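**Q** sequence and predicted model, in that order:
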Amino acid sequence: MDFQLIWQKLLTPGTLYYALLLAVVVGFVAWLVGRTLALAFERLVERPGHLPADRTAIKFLAQLTRLAVYLFAFVTYAHLVPQLQKMGTAWLASVGAASIVLGLAAQNTLGNLIAGISLLLYRPFNLGDRLQVAAPSGLETGVVESLNLGYTILLTSDNRRVVIPNSLMASQTSINISLTDERKLNSVPIRISPDADVDQARAILVALVKEHPKALEYHSCPVTKLGKRYVTLTLKMWCQNPQTADDLKNDLLEAAKKRFEKQGVPMFRGKSGKNAP
C-alpha cells in the first residue's frame with residue numbers, strides 16, 4: 001500500500017479522501033468546542049450563588065450555543081469542500097430568507113428572546129434581588145423569582161406574581177433595591193389633644209421606639225400639624241426593611257395608646273369619642 005499516494009489524496013482538494021478527512025477534523029473540532037461549552041455551563045449550574053438566571057434558562061442557552069457551533073461547523077465544511085460550495089451558498093440563502101420570514105412573523109417572541117439573552121449576559125439583576133418596576137397596575141415591588149428567555153417573574157409581598165416580558169424588562173428603568181440600603185424610614189403620625197404635654201408625649205414615643213426590636217434607630221418626632229382639636233406628632237424611625245414597616249407601625253400605635261393612657265397623656269378623640277390616629 002502506497003501511504004504517500006494516500007496521503008497525497010487526503011491533502012488534495014476535490015477528492016473523496018480530502019472530503020472525508022476534512023469532515024473528521026471539522027466534526028472533531030465542533031464536538032470539542034461544544035463539549036467545552038457544555039462543561040462550562042454545567043459548572044455554572046453547579047454554583048447556585050453565581051447563577052444569573054434559573055437553571056432552565058441556563059440549560060436552554062447552553063443547547064442554543066452548541067447548536068450554533070454545529071451549524072457554523074457545517075457551513076464551514078460546506079465552503080471548504082469544492083463540490084459542496086454551491087450547496088452551502090444556497091443553504092445560507094435559504095436560511096437568510098427563512099430568518100426574515102420568521103422574524104416578521106414572531107417579532108414579539110424574538111424580541112423577548114433577544115432581550116432575555118441580553119439580561120443573562122449583562123446581569124442587571126439576579127435571582128432573589130428585590131426590584132421596583134413600572135407595570136400596567138402601577139409601580140410594583142417584588143423579588144425576582146424566575147428569569148427565563150421569555151419572561152421575568154416577580155413575587156410581590158402580597159404573594160402575587162408579576163410576569164413581565166423581557167423586551168419590556170430590558171427597555172424600562174427598574175430600581176434594584178437589593179443593591180442599595182434596605183432600611184426604610186418609617187413615619188407614624190399620632191394625634192394628641194391640644195391640652196397634652198407635647199414634650200411628655202414625645203418622650204414616651206421615643207422610648208417606645210428604643211424598646212421595639214424591629215426599630216433600628218430613632219430619627220425624629222416633630223410636630224407636623226396643628227389643628228383646633230388635635231396636635232399631630234409624626235414619629236420617624238429606621239426599620240430593617242419595607243416588609244417590617246407596617247408591623248412596626250401597628251405595634252407602635254397600639255403601644256402608644258396604652259402608654260398614653262397609663263401616664264395620663266390625652267389623645268385626640270373624634271366626634272364618636274374614639275381615639276383617632
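**A** Everything's here; your move.
**Q** from now on I want contacts and neighbour counts done on CA atoms only, so please keep to that.
**A** Fine.
**Q** what sits against residue 255?
**A** Applying CA atoms under 8 Å, 6 or more residues apart in numbering to residue 255 gives the contacts residue 208.
**Q** hmm, try it at 7 Å
**A** Residue 255 sits next to no residue when contact means CA atoms under 7 Å, 6 or more residues apart in numbering.
**Q** and for residue 189?
**A** Residues near residue 189 by CA under 7 Å, 6+ apart: 232, 233, 234, 235, 277.
**Q** that's a strand at it, yeah?
**A** Yes. Residue 189 forms part of a strand when assessed by DSSP: H, G, I helix; E, B strand; the rest coil.
**Q** okay, it: pLDDT?
**A** Note on residue 189: pLDDT of 92.
**Q** what's the answer for residue 8, then?
**A** Note for residue 8: predicted pLDDT of 59.
**Q** which of the contacts of residue 189 sit farthest apart?
**A** For those, with distances taken as CA to CA, the pair at the greatest spread is 235 and 277 (12.1 Å).
**Q** of the two, which one has the most company?
**A** Neighbours per residue, other CA atoms under 10 Å: of residue 235 and residue 277, the larger number sits with residue 235, 23 against 15.
**Q** just checking, the more buried one touches residue 224?
**A** No. Using CA atoms under 7 Å, residue 235 is not in contact with residue 224; the gap is 9.7 Å.
**Q** for residue 221, see how far away the closest residue to residue 234 other than its chain neighbours is.
**A** Excluding the flanking residues, the one nearest residue 234 by CA to CA, 6 or more residues apart in numbering is residue 189, at 4.2 Å. Applying CA to CA, to the nearest Å, the value for residue 189 to residue 221 is 9 Å.
**Q** with residue 158 instead?
**A** Residue 158 sits 30 Å away from residue 221, going by CA to CA.
**Q** settle it for me: which of those two has more neighbours?
**A** The neighbour comparison of residue 158 against residue 221 (other CA under 10 Å) goes to residue 221, with 21 against 7.
**Q** hang on, the earlier thing: looking at the contacts of residue 189, which gets the smallest pLDDT?
**A** In terms of pLDDT, the lowest of these is residue 277, showing 46.
**Q** just the helices in this protein please.
**A** For the chain, the helices defined by DSSP state H cover 3-10, 16-45, 55-80, 85-105, 107-122, 166-171, 198-211, 242-263.
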